[in-house]
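Engineer: Quick one, what's the 3D model for this:
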Amino acid sequence: MQARSAKGRPRTARSDANFTFALPGVTIGRMGARSAFVRRLAVLATVAVAALGLAATLPGCVDTLPEKIVLNPGADNVEVINEPPNREVYESAGEVTAQVVGRETQDALRQALNQLRNKAAAKGATFIAVDDVSSRAAWDFSGRTIVTLVGTAYRPR
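Structural biologist: Numbers count the residues shown, from 1 in each chain. Model prediction:
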């Protein structure tokens, strides 16, 4: 004969089992339907704590990103434009990307533009058409912002 719950339903192995999570010594037993939410919450909390601990101990790429970019000689002649220049006069020199971290978004954007201009000047370009701008918070909980710019460099034919 199968064991029955107080409501007369057959008991399943899951409702009678003890559940042990990733943290040692954390055991939750005899969970009914109402406490399934608590069980899921405990699992999510365990995963979140483990992920935060892992993120805090791993060295991130944020440490390798520059904060200050000095304009190279010749890069001050590279202009940033909104639309591609006349195709009869200028040709594409290729895609250029820049990624910079900074405390203020405006300053990080300015530094990323400097890096973009340096890379374009190295390709002999005189214009950059910015194709994509994005920013996101750094994962190191420092309050810094990572700015990424992608553009196309153009040089005279």
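Engineer: going forward, measure contacts between C-alpha atoms and count neighbours the same way
Structural biologist: OK.
Engineer: can you confirm Thr152 is in a strand?
Structural biologist: Yes. Assessed with DSSP: H, G, I helix; E, B strand; the rest coil, Thr152 lies in a strand.
Engineer: so the nearest residue to it once chain neighbours are set aside, which of the three states?
Structural biologist: Distance criterion C-alpha to C-alpha, 6 or more residues apart in numbering; nearest residue to Thr152, sequence neighbours excluded, is Glu95 at 4.5 Å. Judged by three-state DSSP, the three-state class of Glu95 is strand.
Engineer: before we move on, what about the one 5 residues further on?
Structural biologist: On the three-state scheme (three-state DSSP), Val100 is labelled strand.
Engineer: before we move on, back to that, you'd agree the residue nearest to Thr152 is up against Val150?
Structural biologist: Yes. With contact defined as C-alpha atoms under 8 Å, Glu95 and Val150 form a contacting pair (7.2 Å).
Engineer: These two: which is more packed in?
Structural biologist: Taking neighbours as other C-alpha atoms under 10 Å, Glu95 and Val150 compare with Val150 leading, 20 against 17.
Engineer: per-residue confidence at Phe37?
Structural biologist: The per-residue pLDDT reported for Phe37 equals 56.
Engineer: same thing with Ala55?
Structural biologist: With respect to pLDDT, Ala55 has a value of 47.
Engineer: go on, the one 5 residues further on?
Structural biologist: Confidence per residue is given as pLDDT, and for Gly60 that number is 48.
Engineer: tell me the domain ranges of the protein?
Structural biologist: What automatic domain parsing lists as the domains of the chain is 13-57, 61-156.
Engineer: rank those by pLDDT, which is bottom?
Structural biologist: Mean pLDDT per stretch puts domain 13-57 lowest among these, at a mean of 51.
Engineer: Give the buried residues for stretch 102-112.
Structural biologist: Applying a neighbour-count criterion of 16 or more other C-alpha atoms under 10 Å, one finds Gly102, Thr105, Asp107, Ala108, Leu109, Arg110, Gln111, Ala112 buried in stretch 102-112.
Engineer: Switch those over to TSV; also include distance to Trp139 and secondary structure.
Structural biologist: Shown next, in TSV, are the buried residues of stretch 102-112 (distance: C-alpha to C-alpha, whole Å; DSSP: H, G, I helix; E, B strand; the rest coil):
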residue	distance to Trp139	secondary structure
Gly102	13	strand
Thr105	15	helix
Asp107	19	helix
Ala108	16	helix
Leu109	18	helix
Arg110	21	helix
Gln111	20	helix
Ala112	19	helix
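Engineer: All set, thanks.
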